[in-house]
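1. structure of the sequence below:
(chains A and B)
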Amino acid sequence: MDQTIIRLEDVRKSYGTVEVLKGVSLSVEAGSFVAVTGKSGSGKSTLLALISGLEPPSEGRLFVDGREISEMDDESLSRLRRETVGIVFQGFHLIPSLTALENVVLPMAARRKRPSRAAWEEAHSLLAQVGMDRRAGHKPGALSGGEKQRVAIARALISRPKILLADEPTGNLDEATGEAVLDLLGTTCREQGTALLMVTHDTDISARADAVITIRDGRNYHA
Amino acid sequence: MQLRYLLRELLHRPGRAVATSVSIALASLLAIAALAVADAYSTGLQQPLRSVGAGMIVQLTGGIPPKLEGIVFPHPNAMLPPDGVMRIEAEVDGAVRRAVYMWDIAPSGFISALGVDVKGLDRLDSSLEAGRRPAPEASGEALLDGDYARRLGKTVGSTVAVGGKAFTVTGIVDSALTGKVFRADVYMPLSRAQGLAAASPQVGALYPFTPNDVNLLLVDIEHENIERLTHRVREILGSKAVVSSEMSLRDAIEGVFFLSRRMGVFLATVVGVFAFAVILRATATSVNERRTEVAVLQGLGWPWSAIRMQLVAETLVLAGFGALLGTVGALAVLVFVGAIDIAIDLPWDITSTPHFLAEAQVNRQQLVSIPLEVPIPAMAATWAAAVATSALAVLIAVGRARASPWHALSDG
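-> Numbering: from 1, shown residues only, chains lettered A, B, ... in the order given. Alright, predicted model coming up:
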């Protein structure tokens, strides 16, 4: 049975006259941990942007969970991000006006209706899983960087996505906190069978991955 | 739309919430107050003519009588042609009251007299302060103006002479209620006035006046039809037609601050445009500040339509609160001010005192006090405008925040 969850076929992406990705082809197995490395500006983050559907490719075909997303409309792409893809950012990007618990449940409120009781319970459970259940009522302004990232991870996992995209999730954290966050990401994704695609500069992190994709001059090289 | 998120967001940015609401409140207050004052002025302009039960008075310019003695028509009033009267009556489906207005000039002074039909007498009933109205067909009964009666010491049962004919006073009308437009010292049934005018040598010298003719038409007409009928009357009677209405009184309002209903709408529109600019700027700034947040919502799987709805709902809550605040403020202002006084210099053609007399200038001015009323349609329009402009502002601002969510997230 085909276990491929992400497949790119000669994907290119240009911003104006600048071609960032010059023909990337790759595939990612379900439940695997793939590190994406490369120099700054090489196109690592752009790769995640394309896979999440937040940016359209200029050329090529891009399949996520068996569906080609290149031609999807906003509604379908939103559903994809809501149900299949979770995203964790370097800058956490929690909503400052909401509590940690409300931030976690926010993806479940995307369809113009109130989150269900089950969604709130799931959010509580996830916060407990990332060790943040006692801080559930706090707003992001009252949380440390490591705590914010834990909340962001819980938020990304609430819909039990098949894919988790992490863009340098430890980049703003000190070494100890970053290590804890990495352990959390690895453990949680393994438990949920979620494929983890993580952009990183850290070779120690790359060493933990099942596969490493290096982006250089807009093209990818597998290690 | 997520109510919890909406309320949290509004409370999280109190400065923005207060600034937007207060802008809308001020705009609403100004718009409602301006429209209320404009309504009051417009109502005030109708008052002088309404005091004789008309929205429009039609006359014809005539000649100067050979001698200013006995019964004369007030210069420049003339007899109205019978066919013209009937055509005008046909234009307004009979909502016309015929009348004869005249002066009885003697070396010792003058008397003004107005002959009105049954409807006119009905109207004078409401102004009676003593006695009763004259019977329409009675040959020698009349009402006296209160001021005139007191000046001459007349009471109910006294007699008064007009055109050499004696009339028994059956009632006294309250001068304060009859206004100054064609105020008469003596009010009598139309047929008696027509008879006096038809028998007058000075009237006869100028016009073939018969006991069926008139020199005034009091037209009961609504505000929105005045312009059309004015035009039509001038077509029927020609260039010598004198048509008095709230339109012709506009220039007679004292003071520089003049508001017509149209001007009120114009001012409210200017205020609305200004408010829209303020709201658009505030909303654009707010959305720009939240560009990353919008991108996060996109990243979490919120469809663009849901994000837009959320932001529109936030702004509409502020707009609704602001409009409510402005309305309450406007109502407070209207209650506090209470009423406005408008001094109107009546044109010569509808005043009652001969212009060659010294007191004529004094008697021309009519003071109208108009209570400021709550303009319900204006309030509804203001609310609709506040909601519509706010929604439009946020839609314009949000549209610009949609592009490149990943860049917003990466930059953040």
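2. and stretch A:28-47, what's its mean pLDDT?
-> If you average the pLDDT over stretch A:28-47, you get 90.
3. now that stretch: how far from the chain's centre is it?
-> Chain-centre distance of stretch A:28-47: 11 Å, with CA atoms, centre = their mean, to the nearest Å.
4. in it, which residues are buried?
-> Residues of stretch A:28-47 classed as buried under the neighbour-count rule (16 or more other CB atoms under 10 Å in any protein chain shown) are A:28, A:30-38, A:42-47. (Glycine included, C-beta is placed from N, CA and C.)
5. likewise stretch B:393-412?
-> Buried residues in stretch B:393-412, counting neighbours by 16+ other CB under 10 Å, are found at B:393, B:394, B:397, B:398, B:401, B:404, B:405, B:406, B:407, B:408, B:409, B:410.
6. of the residues you listed, which ones also sit close to chain A?
-> B:404, B:405, B:406, B:409, B:410 (CB under 8 Å from any CB of the partner chain).
7. strands of chain A, start to end?
-> A:4-15, A:18-29, A:33-37, A:59-64, A:67-68, A:85-88, A:163-167, A:195-199, A:211-216, A:219-222 (DSSP state E).
8. just the closest of the buried residues of stretch A:28-47 to chain B, please.
-> Proximity of the buried residues of stretch A:28-47 to chain B (CB to the nearest CB) peaks at residue A:45, which lies at 5.7 Å.
9. surely that closest one and residue A:215 touch.
-> No - with contact defined as CB atoms under 8 Å, residue A:45 does not reach residue A:215; the gap is 9.6 Å.
10. contacts only, for the closest residue to residue A:94 other than its chain neighbours.
-> Spatial nearest neighbour of residue A:94, chain neighbours left out: residue A:140 (4.1 Å); criterion: CB to CB, 6 or more residues apart in numbering or on different chains. Applying CB atoms under 8 Å, 6 or more residues apart in numbering or on different chains, we find residue A:140 in contact with A:92, A:94, A:95, A:96, A:98, A:100, A:103, A:148, A:151.
11. residues near residue B:174, how many?
-> The criterion is other CB atoms under 10 Å in any protein chain shown. On that basis, residue B:174 has 15 neighbouring residues.
12. re earlier: among the buried residues of stretch A:28-47, which are in reach of chain B?
-> Among the buried residues of stretch A:28-47, chain B is touched by A:45, A:46 when using CB under 8 Å from any CB.
13. just give me the closest of the buried residues of stretch A:28-47 to residue B:204.
-> Nearest to residue B:204 among the buried residues of stretch A:28-47, counting by CB to CB, is residue A:46 at 103.4 Å.
14. any idea how far residue A:38 is from the closest residue to the closest one other than its chain neighbours?
-> Distance criterion CB to CB, 6+ apart; nearest residue to residue A:46, sequence neighbours excluded, is residue A:20 at 4.9 Å. For residue A:20, the distance to residue A:38 equals 11 Å [CB to CB, to the nearest Å].
15. anything in contact with each of these two?
-> Common neighbours of residue A:20 and residue A:38 are not found (criterion: CB under 8 Å, 6+ apart).
16. residue of chain A nearest chain B, please.
-> Nearest residue of chain A to chain B, counting by CB to the nearest CB: residue A:82, 2.8 Å away.
17. pretty sure that residue contacts residue A:160?
-> No - with contact defined as CB under 8 Å, residue A:82 does not reach residue A:160; the gap is 11.3 Å.
18. neighbour count: those two, which is higher?
-> Neighbour count, other CB under 10 Å: between residue A:82 and residue A:160, residue A:82 has more, with 20 against 13.
19. let me see the contact set for the more buried one.
-> Counting by CB under 8 Å, 6+ apart, residue A:82 has contacts A:107, A:110, A:111, A:159, B:300, B:301, B:302.
20. which two of those residues have the greatest separation?
-> Spatially, the most separated pair among the contacts of residue A:82 is A:159 and B:302, at 12.4 Å (CB to CB).
21. so where's the chain shaky on pLDDT?
-> Here I'm looking at chain A. Applying pLDDT under 70 to chain A picks out residues A:1-2, A:111-112, A:222-223.
22. my question was about chain B, not that one.
-> Ranges of chain B meeting pLDDT under 70: B:1, B:94, B:138, B:177, B:180, B:251-264, B:348, B:352-364, B:400-403, B:411-412.
23. distance of the closest residue to chain A within it from residue A:47?
-> Going by CB to the nearest CB, chain A is nearest to residue B:301 of chain B, at 2.8 Å. Going from residue B:301 to residue A:47 by CB to CB gives 20 Å.
24. what of residue A:82?
-> To residue A:47, residue A:82 is 21 Å away according to CB to CB.
25. repeat for residue A:56
-> Counting by CB to CB, the gap between residue A:56 and residue A:47 amounts to 13 Å.
26. can you check residue A:57 too?
-> From residue A:57 to residue A:47 the distance is 10 Å (CB to CB).
27. counting by contacts, list what the lengthiest helix in chain A packs against.
-> Scanning chain A for the longest helix, with DSSP state H as the assignment, gives helix A:175-192. Under the contact definition 3 or more CB pairs under 8 Å, 6 or more residues apart in numbering or on different chains; DSSP states H and E, helix A:175-192 sits against helix A:145-157, strand A:163-167, strand A:195-199, helix A:203-208.
28. tell me which helix or strand residue B:382 sits in.
-> Per DSSP states H and E, residue B:382 falls inside helix B:376-399.
29. which residues of the stretch 201-350 of chain B lie near chain A?
-> Near chain A, when you scan the stretch 201-350 of chain B using CB under 8 Å from any CB, you find B:292-293, B:295-306, B:309.
30. mind running it again at 6 Å?
-> B:293, B:296, B:299, B:300, B:301, B:302, B:303, B:304, B:306 (CB under 6 Å from any CB of the partner chain).
31. wasn't the last one part of a helix?
-> Same thing as residue B:306. Yes - per DSSP: H, G, I helix; E, B strand; the rest coil, residue B:306 lies within a helix segment.
32. give the burial count for it, as a bare number.
-> Count around residue B:306 with other CB under 10 Å applied: 20.
33. try the fourth one
-> Residue neighbour count, defined by other CB under 10 Å, stands at 24 for residue B:300.
34. also the second one?
-> Residues near residue B:296, counting by other CB under 10 Å, number 27.
35. quick one: the nearest residue to it once chain neighbours are set aside from residue A:32, how far?
-> Distance criterion CB to CB, 6+ apart; nearest residue to residue B:296, sequence neighbours excluded, is residue A:93 at 4.6 Å. Using CB to CB, we find residue A:93 at a distance of 25 Å from residue A:32.
36. for residue A:73, same thing?
-> On the measure of CB to CB, residue A:73 and residue A:32 end up 29 Å apart.
37. check residue B:229 too.
-> Distance from residue B:229 to residue A:32, counting by CB to CB: 87 Å.
38. residue B:87 too?
-> 96 Å.
39. report the central residue of chain A.
-> With distances taken as CA atoms, centre = their mean, the residue of chain A nearest its centroid is residue A:165 (2.0 Å).
40. was I right about it contacting residue A:48?
-> Yes - Residue A:165 lies in contact with residue A:48 (CB atoms under 6 Å); the separation is 4.7 Å.
41. out of the contacts of residue A:140, which are buried?
-> Buried by 16+ other CB under 10 Å: A:92, A:94, A:95, A:98, A:100, A:103, A:148, A:151, out of these.
42. how about these in CSV, adding distance to residue B:245?
-> As requested, the buried ones among the contacts of residue A:140 are exported to CSV (distance: CB to CB, whole Å):
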residue, distance to residue B:245
A:92, 71
A:94, 68
A:95, 62
A:98, 63
A:100, 71
A:103, 67
A:148, 73
A:151, 72
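43. among these, which are in helices?
-> Residues of the buried ones among the contacts of residue A:140 located in helices (DSSP H): A:100, A:103, A:148, A:151.
44. who's in contact with the residue of chain B closest to chain A?
-> Contact analysis of residue B:301 by CB atoms under 6 Å, 6 or more residues apart in numbering or on different chains lists A:78, A:81, A:82, A:107, A:110.
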